[in-house]
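K.L.:
What follows is a predicted structure for the sequence shown.
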Amino acid sequence: MKDQIIISGWCVITHHQIKVNDDLVFEQSSDFPEFSKAAFKELNQPYLKFYKMDNLSKLGFLCAEYLLKHRPIDPAYIPEEVGLILCNATSSIDTDMEHQRTIADAGNYFPSPSVFVYTLPNIVIGEISIKHKFQGENSFFIFEQFQPDFIANYVNSLLQGNKVKACITGWVDLSPGATDYKAVFYLAEKGDGKEALEFNNENLKKIYNR
């Protein structure tokens, strides 16, 4: 069926590894700051703004970059036709706690605007959108755990209603101190489904749990 909503590509980042469509494309056993820096250098992109991002934004940015490197957005889509729908469980707590440390002591009060600006999880969407000039519908949701039913229903409605023609969606979560992290992004589009997975809750769940 030509207008079936499909998963045309996916990327998973966790446990010091980056996999695209189940293929291991990068691996380095180090803490997240070093891992993310090395993964970004592997992309060989002249985008210095990456180094100013907080950990959550770096995680989401890398997941989007590796996904789009292997499955680029159709150049025929205009910016308003590409959406971003993301979610996690901890919001921006890693950066929130860093900001809190700078204001906790009234006698040593040194809040940083460059830290404070990242104390919202939807900044991840902003960073990806700025890089790729995406201007379609976007939202960031907070759940206790990944909700494939919600994501499948929400994104399917966007595509079936022609609100967007492509949507990057999924999970991007990072614990305080970046000791644990996971990002799972899917690219959803209309297709014939002959060589791609249907965009439904079961397939979203299977990829997330791999």
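P.N.:
Structure's in. What do you need? Residues are numbered from 1 along each chain as shown.
K.L.:
mind showing which ranges of this protein have poor pLDDT?
P.N.:
Along the chain, segments meeting pLDDT under 70 span 1-2, 105-106, 108, 193.
K.L.:
quick one, helices of it?
P.N.:
32-43, 55-70, 93-103, 113-116, 123-132, 148-160, 201-208 (DSSP state H).
K.L.:
would JSON lines of the ones you listed with mean neighbour count and distance to Cys11 be doable?
P.N.:
Heads up, the C-betas are built off the backbone N, CA and C, glycines and all. Converted to JSON lines, those look like this (neighbours: other CB atoms under 10 Å; distance: least, CB to CB, whole Å):
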{"stretch": "helix 32-43", "mean neighbour count": "17", "distance to Cys11": "11"}
{"stretch": "helix 55-70", "mean neighbour count": "24", "distance to Cys11": "4"}
{"stretch": "helix 93-103", "mean neighbour count": "17", "distance to Cys11": "21"}
{"stretch": "helix 113-116", "mean neighbour count": "12", "distance to Cys11": "27"}
{"stretch": "helix 123-132", "mean neighbour count": "20", "distance to Cys11": "12"}
{"stretch": "helix 148-160", "mean neighbour count": "18", "distance to Cys11": "15"}
{"stretch": "helix 201-208", "mean neighbour count": "17", "distance to Cys11": "10"}
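K.L.:
Distance to Ile5 added to these, as TSV?
P.N.:
Below are the helices of the chain laid out as TSV (distance: least, CB to CB, whole Å):
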stretch	distance to Ile5
helix 32-43	28
helix 55-70	17
helix 93-103	32
helix 113-116	38
helix 123-132	21
helix 148-160	5
helix 201-208	11
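K.L.:
Once you drop chain neighbours, what's closest to the residue nearest the centre of the chain?
P.N.:
Nearest residue to the geometric centre of the chain (CA atoms, centre = their mean): Gly60, 3.5 Å. Distances taken as CB to CB, 6 or more residues apart in numbering place Val124 nearest to Gly60, at 3.8 Å, with adjacent residues excluded.
K.L.:
my guess is the one you found contacts Lys58, does it?
P.N.:
No - using CB atoms under 8 Å, Val124 is not in contact with Lys58; the gap is 9.1 Å.
K.L.:
Tell me the spacing between Tyr118 and Phe50.
P.N.:
Here the criterion is CB to CB, to the nearest Å. By it, Tyr118 lies 13 Å from Phe50.
K.L.:
So for those two, which residue has more residues nearby?
P.N.:
Of the pair Tyr118 and Phe50, Tyr118 is the one with more neighbours under other CB atoms under 10 Å, namely 23 against 19.
K.L.:
and the gap between the residue of the chain positioned farthest from its centre and Cys167?
P.N.:
Largest separation from the mean C-alpha position in the chain: Gly107, at 37.9 Å (CA atoms, centre = their mean). From Gly107 across to Cys167, the span is 48 Å (CB to CB).
K.L.:
list the contacts for the residue lying closest to Leu62 once chain neighbours are set aside?
P.N.:
In space, and not counting its chain neighbours, Leu62 is closest to Ala39: 5.4 Å by CB to CB, 6+ apart. Taking CB atoms under 8 Å, 6 or more residues apart in numbering as the contact definition, Ala39 lies against Ile13, Ile18, Phe26, Gln28, Leu62, Tyr66.
K.L.:
Widest-spaced pair of those residues?
P.N.:
Gln28 and Tyr66 (13.6 Å; CB to CB).
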